[in-house]
Each structure stands twice: as structure tokens, then as C-alpha cells.
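Engineer: Sequence plus the predicted model coming up.
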Amino acid sequence: MRRNLLIYQGPGAPPAPEGWHAAKVACHDPRSLCRWIDANWDGGRLALVAHGTAGLVLRHAYLVANGDDDSREHRPWAGHVSRMVLLAVPNRGEGLGRFRRGGPYVTDLRIRWVDHFDRTTDPVKVV
């Protein structure tokens, strides 16, 4: 039987709605997160939940899974994401390093995110 999988990145315990298997994942790289989902997804629906800068990683992983990066590689689970919940994500960046406000990583991610939804006919629900 295929199980629904809720993937959570953030502080505290993952939410565990009835009928869903919840997994807390600590991947700081979008491709690592994609590989984790590849290994653990069994065909059910996916819900992606993240808090803070983990939301930027999760957003990037979703784009990678849909082929919206340099690799153009589409992962089968991408079409099974029923919703994404992004809590307190610094959409314009924060602090220093890769996620710094206005930095190239954050700016490019925002442009690709908007572009993806402009081209998508059946978008995932993002809250």
C-alpha cells in the first residue's frame, strides 16, 4: 500500500496529520533532499513543509525535481506533491552567506520560482 509522506524541515517535531507518515529531514542541499525523497518515496502523495531558510532549500529541491534547473532531470515524485507549506521563509534572503538578502542564489531562486508557476498548468498548492 502506498503511504502519504509529509516531509518536514524545521525546528521541533514534524506535524503528523492522520493518514500521513511524517519524516523530519535535515538536508541543507536541494539535490541531497531530492535524493532522500527518491529513496523514501513509495508512490503516495507528498506534502512538503519547511520553516525559515529550510524553505528556500525545499523550494529549490521542488524546482530541481520538476527539471527547472541546469540538469533538466525530472523526478517521478514531483507530480505527486499535493501541497507545500512554507513558514516564515525569508523570500528575499537573510544574513550572510548563500542565503544573504539580494544575493545571487536567492535572486535566481525567486526568478525561477515565478517562472515555473507562469509555465505550469496544474500548480501545486503553496501556503
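Structural biologist: Nice, I can see it.

Engineer: neighbours around residue 49, how many?
Structural biologist: 22 (other CB atoms under 10 Å). C-betas here are computed from N, CA, C, even on glycine.

Engineer: How about residues contacting whatever helix or strand it lives in?
Structural biologist: According to DSSP states H and E, residue 49 maps onto strand 46-51. Outside of strand 46-51, the residues within contact range by CB atoms under 8 Å, 6 or more residues apart in numbering are 4-11, 14-15, 20, 37, 57-59, 62, 77, 80-89.

Engineer: name the helices or strands packed onto the following helix or strand past that strand?
Structural biologist: Downstream of strand 46-51, the first helix or strand assigned by DSSP H and E is helix 54-65. The helices and strands touching helix 54-65, judged by 3 or more CB pairs under 8 Å, 6 or more residues apart in numbering; DSSP states H and E, are strand 4-9, helix 30-40, strand 46-51, strand 81-87, helix 104-119.

Engineer: Report the angle between helix 54-65 and helix 30-40.
Structural biologist: For helix 54-65 against helix 30-40, the angle by axes from the mean of the first three to the mean of the last three CA atoms, to 10 degrees is 70 degrees.

Engineer: Begin at 536, not 1, for the rest of this chat.
Structural biologist: Let's use 536 as the start, then, which means that last one is helix 589-600.

Engineer: Which ChimeraX command selects the buried ones in the contacts of strand 581-586?
Structural biologist: To isolate the buried ones among the contacts of strand 581-586 in ChimeraX, judged by 16 or more other CB atoms under 10 Å, type:
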select :539,540,541,542,543,544,545,549,555,572,592,593,594,597,612,615,616,619,620,621,624
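
Engineer: about what we covered before: nearest to residue 630, of the helices and strands packed on helix 589-600?
Structural biologist: Comparing these against residue 630 with CB to CB, the closest turns out to be helix 639-654 (10.8 Å).
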